[in-house]
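Undergrad: A structural model of the following input is requested.
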Amino acid sequence: MSDPVKSVASSTAPTAPAGAPAPGSDTYKGWLFKWTNYIKGYQRRWFVLSNGLLSYYRTQAEMAHTCRGTINLAMAHIDTEDSCNIVLTSGAAPTT
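TA: Numbering: from 1, shown residues only. As a prediction, this is how the structure comes out:
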């Protein structure tokens, strides 16, 4: 697993393009392992945290066309299992 990459939008930019983080907001991107019920195991997924939304994709390249899922962290319940694992719950199904 690689370290997350932090990118900060410049506060000197006059306007942000549609879909881009607002000036001064943070976007975090990186690989995490997500539990998948289909395969019944952990799979490496590319995650993006921006504006309080945590989205995931199978690969970085997939970001251009297909988001596999998004969770609004303001509405989520977050539990820590241990020093390496968290459980995010939004609605009835947990996302690990």
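
Undergrad: Please make it C-alpha for all contacts and neighbour counts, starting now.
TA: OK.

Undergrad: How many neighbouring residues does Lys29 have?
TA: 19 (other C-alpha atoms under 10 Å).

Undergrad: That one - nearest residue in space that isn't next to it in sequence?
TA: Val48 (4.5 Å; C-alpha to C-alpha, 6 or more residues apart in numbering).

Undergrad: so what's the one you found bridging to?
TA: Under DSSP bridges, the beta-bridge partners of Val48 are Lys29, Ser55.

Undergrad: And for Asn72?
TA: Leu53.

Undergrad: One more: Gln43?
TA: Here Gln43, judged by DSSP bridges, has bridge partners Lys34.

Undergrad: Quick check: it vs Met75, distance?
TA: Separation of Gln43 from Met75 (C-alpha to C-alpha, to the nearest Å) stands at 24 Å.

Undergrad: for Lys40, same thing?
TA: Applying C-alpha to C-alpha to Lys40 and Met75 gives a distance of 26 Å.

Undergrad: higher neighbour count, those two?
TA: Shown here are Lys40 and Met75; by other C-alpha under 10 Å, Met75 has more neighbours (12 against 8).
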